[in-house]
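S.K.: Provided below for reference: sequence and predicted model.
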Amino acid sequence: MNQVEIFKALSNKTRLQILNWLKEPEVNFPEQLDNGFEEGVCVGQIQKKAGLTQSTVSEYLSTLQRAGLVKSTRVGQWTYYKRNEEAFSTLSQIIQSEL
C-alpha cells in the first residue's frame, strides 16, 4: 500500500465525496436500486451526482483505483465502482501505528 498515493488521492474534496457516497450506495444512488449494487455503482451515476464531466469523474476514479481505495468491474459497456473496504482497514492501521 503506497501511502503517498493514498494521501494524494484523499487530498481532493470531490474524490473524498465519491468515497463517502460509495460507502452507502443504496442511500446515495437510489436510481440504481432496481439493478442492485453487487458490482458497485455505475460511473454514469457517480458522474451525474458529482455534476462534473465524465472525463473528470473517470480521472478521479482512476486516481482512487491506483491508490487501491476503489475496485472496478466492467459489465458489457459499463464500469462499476465500489470501495475497497480492506484498503480502508489497512489505512486505519497505518494511521494508528505509524502516524
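M.R.: Ah, there it is. Residues are numbered from 1 along each chain as shown.
S.K.: And the nearest residue in space to Leu33 that is not next to it in sequence, what's its pLDDT?
M.R.: Leaving aside its sequence neighbours, Leu33 sits nearest to Glu26 (Cβ to Cβ, 6 or more residues apart in numbering; 6.6 Å). All C-beta spots, glycine's among them, are computed from the backbone N, C-alpha and C. If you check Glu26, the pLDDT there is 95.
S.K.: For Ser72, which residues are in contact?
M.R.: Contacts for Ser72 (Cβ atoms under 8 Å, 6 or more residues apart in numbering) come out as 40, 61, 65, 79-81.
S.K.: mind running it again at 6 Å?
M.R.: Counting by Cβ atoms under 6 Å, 6 or more residues apart in numbering, Ser72 touches 65, 79, 81.
S.K.: again with Trp78
M.R.: By Cβ under 6 Å, 6+ apart, the neighbours of Trp78 are Cys42.
S.K.: What number of residues are in the vicinity of the residue nearest to Leu33?
M.R.: 11 (other Cβ atoms under 10 Å).
S.K.: What is the three-state secondary structure of it?
M.R.: Following DSSP: H, G, I helix; E, B strand; the rest coil, the label given to Glu26 is helix.
S.K.: what would the contacts of Ser72 look like in CSV with distance to Gln96, neighbour count and secondary structure?
M.R.: Formatted as CSV, the contacts of Ser72 follow (distance: Cβ to Cβ, whole Å; neighbours: other Cβ atoms under 10 Å; DSSP: H, G, I helix; E, B strand; the rest coil):
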residue, distance to Gln96, neighbour count, secondary structure
Gln65, 25, 15, helix
Thr79, 33, 18, strand
Tyr81, 27, 24, strand
